[in-house]
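Participant: no sequence for this one, just the structure:
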Ligand SMILES: O=C(O)[C@H](O)[C@@H](O)[C@H](O)[C@H](O)COP(=O)(O)O
């Protein structure tokens, strides 16, 4: 499967990725009257979402959701919902419909059925799923050695509650099935260390070892890889 490798460097990468995302969303609105995107947390998306918030789109026809979420209050500094509200959903982009991945349930496991029901109503396949990758090869909240990893890779559900082996907070995450219900996958990574993990993932091996392989070693969904060498 042709995985486009777009080697971009420095801050202009964010503007380039945002322009590419905006073009896809604009085309989706023109074709089917709605566009949808699921976003990851972490550091990488921030500059992209800041740039995307200025895109000239019919934001009232855009559905924005998350690839994963930490099970924390939406106003917590660790919340991916807060990340998206702070960086993307402002100005004209505030008109987008945001579908959160956090509920008032005491923990992610108690909240999963409600999240699954909310996600079932999204306009699948989503137009774009923006993934990041950890140094351990995790993506979304599908972590190597995670006790829910096998289920997260095999389930036909869209979402799964999970407890990372080392990272903080219980999580709600798209499953591999959910991630592959998309028209475009963007993978954004930065630094030589993650580039080396990316290269190892591409070389083949088990998805359980490097969960990012669920996106890289498949031929269903086109994947654009944006690697900011720093
Ligand atoms: O909630 C999260 O933390 C993210 O969804 C996570 O999967 C992230 O994409 C990777 O950890 C990469 O993070 P960076 O963008 O900071 O490298």
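Facilitator: Nice, thanks for sending it over. Computed from a predicted model, the values in this text were never measured in an experiment.
Participant: switch to C-alpha atoms for all contacts and neighbour counts from now on
Facilitator: OK.
Participant: Run the chain-centre distance for the top strand by length along the chain.
Facilitator: When the chain is parsed with DSSP state E, its longest strand is strand 182-190. Relative to its chain's centre, strand 182-190 lies at 8 Å (CA atoms, centre = their mean, to the nearest Å).
Participant: Now do the helices in the protein.
Facilitator: 12-32, 45-52, 80-87, 108-120, 149-154, 176-179, 192-202, 213-216 (DSSP state H).
Participant: picking up where we left off before, quick one: contacts of the longest strand of the chain?
Facilitator: 44-45, 124-133, 195, 215, 221-230 (CA atoms under 8 Å, 6 or more residues apart in numbering).
Participant: cool, and stretch 25-41?
Facilitator: In contact with stretch 25-41 (CA under 8 Å, 6+ apart) are residues 45, 57-58, 61-69, 80, 83-84, 123, 126-132, 140.
Participant: Can you give me the separation between residue 181 and the ligand?
Facilitator: 17 Å (CA to the nearest ligand atom, to the nearest Å).
Participant: Look up the closest residue to residue 77, ignoring the ones flanking it.
Facilitator: Nearest non-adjacent residue to residue 77, counting by CA to CA, 6 or more residues apart in numbering: residue 83, 7.9 Å away.
Participant: Close to the ligand: what parts of this protein are there?
Facilitator: 40-44, 68-69, 131-134, 139-141 (CA under 6 Å from any ligand atom).
Participant: Rebuild these as TSV, extending it with pLDDT.
Facilitator: Formatted as TSV, the residues of the chain next to the ligand follow (pLDDT from 0 to 100):
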residue	pLDDT
40	98
41	97
42	95
43	93
44	91
68	98
69	98
131	97
132	97
133	97
134	97
139	98
140	98
141	98
